[in-house]
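Novice: My questions concern the predicted model and sequence given below.
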Amino acid sequence: MAPLPVPLPQVEFIVSAFCILLAPLAVAGMTLMNTGFARSRGAAHAILSAGAAMSVAALAYFVVGSAIQGFAGGPAHTFSLRGETWNWIGSGYLLMRKLPLEGSGAALVASLQLFCAALAAMIPLGSGLDRWRLGASCASTALLAGFVYPLFAHWLWSGGWLSQVGALDAGGAGVIHATGGLSALAVAWILGARKGKFDTRGMPGAIPGHNLVYIFFGCLLAFAGWLGLDTAAAILLAGVPAARAAIVPLNVSIAAGTSLITSLVVTGIRFGKPDATLSANGFMIGLVSASGACAFISPPAAAAIGLVAGLVLPFSVEWLERLAVDDASGAISVHGIGGLWGVLATGLFAGQWLAQLAMVAALLGFVLPLAYALNLLLNRIYRQRVSGDGERHGMDMCELGSGAYPELPSLGTDSPYR
């Protein structure tokens, strides 16, 4: 990414500022979806965890994350290898001190990155539903938003080594979603499966989310936020002119719609009837996978990206269950697998395979082990999973002392619908 022009051209400034105002809807949509995927006896805990994680992520990024990421053209730590100088971590100021505010665009970038960090923090929450303690999820979020996310964001969006080799990610398929999805995989490994998810033979059982309406309405909210976030990121972080960025909403919409229909057809063929939750996640993986190349491709290419994403989603969910990974909301498949596909699809349609493969290698070879190591260390210091009794009685009663639906009759603590 090249340094932002000073001052930022008026059209780019106005368009990106308006789009940033839409970005919080992506966080709101993810919050509602996570709540819908939770059991009813953990719904209050799920939505409170999302609010707490969003707040912790914003504070962690504000205090230290922004200094680690830095801004393109700003001070950074480098190293030399075979005569080349490589930029690997930012050297900014804590608490966003000395942030230029004179219409240069840096303040817009800081605002956008705050929401990007918060969105990345929503992703692991979906995988840890019904068993991840509130305090532990906040501590894990601080590590993600304060160190893991800004480090990788620096590599690509702030002049780091991935941008030096030519990697592209217009809307965050790799930076936001693959980073968050791989962190979700690390969290799911450490937490283990929910009680009753797998039988004594290791075969998975269904633990359905308690509110499909929340899930689908969350998709619609996230869709509106995605349009704003991807457009603002394309302008501010990928250097795309506002006139070119006008194609971003079109490509994202086509990819998401194609992906949903594909998942609907695939589940209808495999199960006899379409699966609503997998179709909802099919829509989301379309949004995720299109984010990487959304400003660089034509609408037919966006449809092709969505087609592959919608086809992969049901099989990815099933594959993870066969590996005994309990991903309550499908976040690993949607954001992890979808984000990696988005990075590769950018290479496929933008014609730069080597740079995109380097990005995938960095995600799998560095981000995933780092996220796992940090969460494993946290688990040694502060146990992340709720006790067996707490899980049996529900996260709401265990951690909050009251439920989201106190007027509903009890269905029994061992019912998968409760």
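Specialist: In hand now; what should we look at?

Novice: What is the burial count for P204?
Specialist: By other Cβ atoms under 10 Å, the residues close to P204 number 17. C-betas here are computed from N, CA, C, even on glycine.

Novice: Same check on S137?
Specialist: A total of 22 residues lie near S137 under the criterion other Cβ under 10 Å.

Novice: just I123 next, same as before
Specialist: As a burial measure, I123 scores 30 neighbours (other Cβ under 10 Å).

Novice: Would you agree it is in contact with G339?
Specialist: No - counting by Cβ atoms under 8 Å, I123 does not reach G339; the two are 9.3 Å apart.

Novice: got any residues that touch both of those two?
Specialist: Both I123 and G339 are contacted by H177, G180, G181, under the criterion Cβ atoms under 8 Å, 6 or more residues apart in numbering.

Novice: Let me have those residues in JSON lines, extended by distance to A52.
Specialist: Formatted as JSON lines, the shared contacts of I123 and G339 follow (distance: Cβ to Cβ, whole Å):
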{"residue": "H177", "distance to A52": "21"}
{"residue": "G180", "distance to A52": "16"}
{"residue": "G181", "distance to A52": "21"}
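
Novice: what would those residues look like in JSON lines with pLDDT, distance to G272 and neighbour count?
Specialist: Formatted as JSON lines, these follow (pLDDT from 0 to 100; distance: Cβ to Cβ, whole Å; neighbours: other Cβ atoms under 10 Å):
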{"residue": "H177", "pLDDT": "98", "distance to G272": "31", "neighbour count": "32"}
{"residue": "G180", "pLDDT": "98", "distance to G272": "33", "neighbour count": "36"}
{"residue": "G181", "pLDDT": "98", "distance to G272": "29", "neighbour count": "30"}
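
Novice: Return the member of those residues nearest to E399.
Specialist: Lowest distance from E399 to the shared contacts of I123 and G339 (Cβ to Cβ) belongs to G180, with 23.0 Å.

Novice: For H154, grab the count of nearby residues.
Specialist: 30.

Novice: same question, A222
Specialist: The tally of other residues near A222 (other Cβ under 10 Å) stands at 26.

Novice: List the contacts of the closest residue to it other than its chain neighbours.
Specialist: Excluding its sequence neighbours, the residue lying closest to A222 (Cβ to Cβ, 6 or more residues apart in numbering) is G29, at 2.8 Å. With contacts defined as Cβ under 8 Å, 6+ apart, the neighbours of G29 are G218, C219, L220, L221, A222, F223, A224, G225.

Novice: Which element, helix or strand, includes G29?
Specialist: helix 24-37 (DSSP states H and E).

Novice: phi, psi of S80?
Specialist: Taking degrees, to the nearest 10, you get phi -110, psi 140 for the backbone angles of S80.

Novice: can I assume G394 is in contact with A404?
Specialist: No - between G394 and A404 there is no contact under Cβ under 8 Å: 9.8 Å.

Novice: Pick out whichever of these two has more residues nearby.
Specialist: Neighbours were counted for G394 and for A404 using other Cβ under 10 Å; G394 has more, 24 against 21.

Novice: what separates the more buried one from G42, distance-wise?
Specialist: Going from G394 to G42 by Cβ to Cβ, to the nearest Å gives 6 Å.

Novice: which residues of the stretch 1-150 of the chain fall in strands?
Specialist: Secondary structure of the stretch 1-150 of the chain (DSSP state E, counting those that start in this stretch): strands located at 76-81, 84-90.

Novice: Tell me the helices and strands packed up against the helix or strand hosting L264.
Specialist: Counting by DSSP H and E, the element that carries L264 is helix 247-271. Judged by 3 or more Cβ pairs under 8 Å, 6 or more residues apart in numbering; DSSP states H and E, the packing partners of helix 247-271 are helix 212-236, helix 276-291, helix 299-322.

Novice: State the mean pLDDT of the first one.
Specialist: This means helix 212-236. Here helix 212-236 scores 96 as its mean pLDDT.

Novice: Just want the angle from that helix to helix 276-291.
Specialist: Per axes from the mean of the first three to the mean of the last three Cα atoms, to 10 degrees, the angle that helix 212-236 makes with helix 276-291 is 0 degrees.

Novice: Can you give me the buried ones in helix 212-236?
Specialist: The neighbour-count check on helix 212-236 (16 or more other Cβ atoms under 10 Å) flags 214-219, 221-236 as buried.

Novice: likewise the last one?
Specialist: The neighbour-count check on helix 299-322 (16+ other Cβ under 10 Å) flags 301-314, 316-317, 320-321 as buried.

Novice: Measure how that helix sits relative to helix 247-271, angle-wise.
Specialist: 40 degrees.

Novice: other SSEs contacting the following helix or strand past helix 299-322?
Specialist: Where DSSP H and E defines the elements, the next helix or strand beyond helix 299-322 is helix 331. The contact analysis (3+ Cβ pairs under 8 Å, 6+ apart) places helix 331 against helix 106-127, helix 179-191.

Novice: can you put those in JSON lines and add distance to G365?
Specialist: Output for those, formatted as JSON lines (distance: least, Cβ to Cβ, whole Å):
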{"stretch": "helix 106-127", "distance to G365": "19"}
{"stretch": "helix 179-191", "distance to G365": "11"}
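
Novice: how much space between T78 and F147?
Specialist: As judged by Cβ to Cβ, T78 and F147 stand 19 Å apart.

Novice: Who has more neighbours out of the two?
Specialist: Set side by side, T78 and F147 show more neighbours around F147, with 18 against 13, by other Cβ under 10 Å.

Novice: Once you drop chain neighbours, what's closest to that one?
Specialist: Spatially, and ignoring its direct neighbours in sequence, F147 is nearest to I68 (6.5 Å; Cβ to Cβ, 6+ apart).

Novice: Is the one you found in contact with G92, as I believe?
Specialist: Yes - judged on Cβ under 8 Å, I68 makes contact with G92 at a distance of 7.4 Å.

Novice: what's the closest of the contacts of G29 to A170?
Specialist: G225 (15.9 Å).

Novice: Can you name the residues that contact the closest one?
Specialist: Contacts of G225 (Cβ under 8 Å, 6+ apart): L22, A23, P24, L25, A26, V27, A28, G29.

Novice: how about JSON lines for these, with pLDDT added?
Specialist: Shown next, in JSON lines, are the contacts of G225 (pLDDT from 0 to 100):
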{"residue": "L22", "pLDDT": "95"}
{"residue": "A23", "pLDDT": "94"}
{"residue": "P24", "pLDDT": "94"}
{"residue": "L25", "pLDDT": "96"}
{"residue": "A26", "pLDDT": "97"}
{"residue": "V27", "pLDDT": "96"}
{"residue": "A28", "pLDDT": "96"}
{"residue": "G29", "pLDDT": "97"}
